[in-house]
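Enquirer: here is my input, please return the structure:
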Amino acid sequence: MKLEHLTNETFKEKIFNYEASKDWKFEGKIPAIIDFYADWCAPCKTVAPILEELKDEYGDKLDIFKVNTEEQRELASVFGVQSIPSLLFIPKEGQPQMAMGALPKETFKQAISEVLSVTE
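Expert: Have a look, this model is predicted:
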């Protein structure tokens, strides 16, 4: 299953309209992960297939999106993305949490369970 790539516009519709509000308000219906990546980044290429597997495993309980930091510089700067991959874990309620680096699949699963309260 291919993951959806977000642009500035779709990000504001589906995740958070940062132009309308300074306070975090998640627009999504289910918890989400956003992968901030670039095509030239080797660790990002390691994470990509893991995220696709996770999307297949969690299905409708979890949204996983990708943001190309080269194309969407404004989005990257809104979240202060300095290094990639950076992964934003967004629970249904509460504040999102950012993780840096190429995480192993087990770490993703732990974060999905603990931060997002989603089980397979």
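Enquirer: now this protein, which segments are flagged as low pLDDT?
Expert: The chain contains residues with pLDDT under 70 at 1.
Enquirer: most remote residue from it's center?
Expert: Ala20 (20.6 Å; Cα atoms, centre = their mean).
Enquirer: break down this protein into its strands, ranges please.
Expert: 4-5, 32-37, 63-68, 86-90, 97-100 (DSSP state E).
Enquirer: most tightly packed of the ones you listed?
Expert: Among the strands of the chain, the stretch with the highest mean neighbour count (mean count of other Cβ atoms under 10 Å) is strand 32-37, at a mean of 24. Just so you know, the C-beta spots here come from the backbone N, C-alpha and C atoms, and that holds for glycine as well.
Enquirer: can you list the strands that that strand pairs with?
Expert: strand 63-68 (parallel), strand 86-90 (antiparallel) (DSSP bridges).
Enquirer: picking that back up, take the strands of the chain and lay them out in CSV including distance to Thr46.
Expert: CSV is the format used below for these (distance: least, Cβ to Cβ, whole Å):
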stretch, distance to Thr46
strand 4-5, 18
strand 32-37, 10
strand 63-68, 14
strand 86-90, 12
strand 97-100, 14
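Enquirer: where exactly do the helices run in this protein?
Expert: 8-14, 42-58, 73-78, 105-114 (DSSP state H).
Enquirer: let me have the strands paired with strand 32-37 in JSON lines, extended by distance to Lys14.
Expert: Output for these, formatted as JSON lines (distance: least, Cβ to Cβ, whole Å):
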{"stretch": "strand 63-68", "distance to Lys14": "7"}
{"stretch": "strand 86-90", "distance to Lys14": "10"}
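Enquirer: of those strands, which is nearest Gln110?
Expert: strand 86-90 (10.7 Å; Cβ to Cβ).
Enquirer: middle-most residue in the chain, spatially?
Expert: Ile34 (1.0 Å).
Enquirer: what sits against the closest residue to Ala76 other than its chain neighbours?
Expert: Using Cβ to Cβ, 6 or more residues apart in numbering and skipping the chain neighbours, the partner closest in space to Ala76 is Thr69 (4.2 Å). Shown here is Thr69, whose contacts under the criterion Cβ atoms under 8 Å, 6 or more residues apart in numbering are Phe36, Tyr37, Ala38, Leu75, Ala76, Val81, Ile84.
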